[in-house]
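J.: return atomic coordinates for the entry below.
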Amino acid sequence: MSRKRVKLLVDSLTRSSKHFNKSEVECLVKLFDTLVAKASSHFAGAGFDRTVFRDTLHSAFGLTDEVMLDRVFSTFDRSNTGNITVVEWVEGLGVLLRGTLEEKMKYCFAIYDLNGDGYISREEMFQMLKNSLLIQPADEEPDEGVKDLVEIALKKMDYDHDGKLSFTDFEKAVREESLLLEAFGPCLPDIKSIIAFEQKVFRETPK
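T.: So this is what the prediction gives:
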């Protein structure tokens, strides 16, 4: 990318970004270019693919759950092209690293709403909790334990008692108990990973 294009891109992203200043945006664009270079040449210039994305989030933030990583990829990949563009990268990281509670609630809800119908259903909760739980001892039926957890979650969060969670239910529950933000599996980096990532990426001040 020519220096002129980079400058225009950084200016435009700085204007649209609520969370990063200009030098931070430059650092993120630089990191984006490094990741694109790692991706298959098929996407060169357009962005990087799911594999590079998952590897990056895994090594930067310790996110390991494959279902969650796929869902995080889908929320970043808003244009649904199968690769992450520089705009999606900067905006997505804005929420991941410095998002407001409001933004994080929307992000987590979108991750957990597996089929995108605007609700987190019993089946979706079961699917996610099943993946994030450690396997139980042999004498215990693991699915039963997961079903119990789903019922507990519904009892606590399903305010309108329709057997599924709308965003309104989810938001109300999280505002009352912030730990419920990641009730159905880890999809946000922890504070330690965020600090380490920012120090590493933003330490290099662009020339």
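J.: tell me the pLDDT of residue 69.
T.: Model confidence at residue 69, given as pLDDT, is 93.
J.: that one against residue 60, yeah?
T.: No - the criterion here is Cβ atoms under 8 Å, and residue 69 misses it with residue 60 at 11.9 Å. Every residue, glycine included, has its C-beta placed from N, CA and C.
J.: SS state for residue 189?
T.: Three-state call for residue 189 (DSSP: H, G, I helix; E, B strand; the rest coil): coil.
J.: residue contacts, it?
T.: 60-63, 96-97, 197 (Cβ atoms under 8 Å, 6 or more residues apart in numbering).
J.: now the two most distant members of those residues.
T.: 62 and 97 (14.3 Å; Cβ to Cβ).
J.: which one's more surrounded, the two?
T.: The neighbour count for residue 62 versus residue 97, taken as other Cβ atoms under 10 Å, is higher for residue 97 (20 against 13).
J.: now that one: closest residue in space, sequence neighbours ignored.
T.: Excluding its sequence neighbours, the residue lying closest to residue 97 (Cβ to Cβ, 6 or more residues apart in numbering) is residue 194, at 5.4 Å.
J.: which strand or helix spans the one you found?
T.: Per DSSP states H and E, residue 194 falls inside helix 191-203.
J.: likewise for residue 57?
T.: helix 50-61.
J.: what comes up buried for that helix?
T.: Residues of helix 50-61 classed as buried by neighbour count (16 or more other Cβ atoms under 10 Å): 50, 52-54, 56-57, 60-61.
J.: could you pull out the helices in this protein for me?
T.: 3-16, 22-38, 50-61, 66-76, 86-98, 101-112, 122-132, 142-157, 167-176, 191-203 (DSSP state H).
J.: so what touches the last one?
T.: Spelled out, it's helix 191-203. By Cβ under 8 Å, 6+ apart, helix 191-203 touches 23-24, 27-28, 31, 60-62, 96-97, 189.
J.: run through who's touching stretch 149-167.
T.: Here stretch 149-167 has contacts from 105-106, 109, 118-122, 125-126, 129, 133, 168-170, 172-173, 177, 180, 183-184, using Cβ under 8 Å, 6+ apart.
J.: and that stretch, end to end?
T.: Terminal residues of stretch 149-167 are spaced 19 Å apart (Cα to Cα, to the nearest Å).
J.: on that earlier part again, buried subset of the contacts of stretch 149-167?
T.: Members of the contacts of stretch 149-167 classed as buried by 16+ other Cβ under 10 Å are 105-106, 109, 119-122, 125-126, 129, 169-170, 172-173, 180, 183-184.
J.: residues touching stretch 99-112, excluding its own?
T.: The contact list for stretch 99-112 (Cβ under 8 Å, 6+ apart) reads 19, 68, 71-72, 75, 94-96, 116, 120, 124-125, 128, 167, 170-171, 174-175, 178, 181-182, 184-185, 187-188.
J.: which ChimeraX command selects the buried ones in the residues you listed?
T.: Buried residues among the contacts of stretch 99-112 (16+ other Cβ under 10 Å), as a ChimeraX selection:
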select :19,68,71,72,75,94,95,96,120,124,125,128,170,171,174,181,182,184,185,187,188
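J.: got the domain ranges for this structure?
T.: Under automatic domain parsing, the residue ranges defining each domain of the chain are 3-99+190-203, 101-182.
J.: can you tell me the average pLDDT over the last one?
T.: In this case it means domain 101-182. On average, domain 101-182 scores 91.
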